[in-house]
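Asker: Starting from these lines, generate the structure:
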Amino acid sequence: SEYLNVAPSCSVIDIGCGTADILGFLRNDIEYIGADISKKYVSYAKKKYGSRAEFFNRRVSEINELQGRQFDFVISISVIHHLDDTEALQLYKIGYKLLKPGGIMITVDHGFCKGQGFISRFISRCDRGKHVRDIDEYEKLAKRVFSNVNKKIHTDLIRLPQTACILECKKE
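Answerer: Numbering: from 1, shown residues only. The predicted model follows:
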């Protein structure tokens, strides 16, 4: 709720939506589209939330139905650390293109930072994502596309000690 404060009738596209469990925390009166490359995740999301959302089992860049559409929010949670720099940059470019003027892209990924605890660093190092970065590197990538990027670091998002980088990227 702190970062994704959606008003009635807002539109949200979730890139890498997984099982779309974020819908359990969002208003019922928003337009939500989820995209994920996992057939299993999208199938689950459709069964659980199909009546209040639209889902695609493809990369967002391959969804022709989105041509010309723009959204208030683009979210991508725990995706960037699975992408190399070229793919991450492409994701930010797609997010930018999909946003309305004044819209916000929010990304959340865990990473490394100075002063980080051993357990948090260990968890990030053991992640199946091959591109867990230093927190500042996530910000640098986003700033190659967005001129207005607000970075927040959290260590309290889950029960385990883990350092998360939340980027709010505003399209001006």
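Asker: what pairs with the residue nearest in space to the middle of the chain across the strands?
Answerer: The residue lying closest to the centre of the chain (C-alpha atoms, centre = their mean) is residue 76, at 1.1 Å. Taking DSSP bridges, one obtains residue 107 as the residues bridged to residue 76.
Asker: So which residue of the chain lies furthest out from the middle?
Answerer: residue 118 (25.8 Å).
Asker: Do you know the pLDDT at it?
Answerer: Residue 118 carries a pLDDT score of 79 in this model.
Asker: And it, how close does it get to residue 161?
Answerer: Distance from residue 118 to residue 161, counting by C-beta to C-beta, to the nearest Å: 9 Å. C-betas here are computed from N, CA, C, even on glycine.
Asker: again with residue 19
Answerer: Residue 19 is 24 Å from residue 161, by C-beta to C-beta.
Asker: what's the answer for residue 148, then?
Answerer: For residue 148, the distance to residue 161 - C-beta to C-beta - is 30 Å.
Asker: the more surrounded of the two?
Answerer: Per other C-beta atoms under 10 Å, whichever of residue 148 and residue 161 has more neighbours is residue 161, with 15 against 12.
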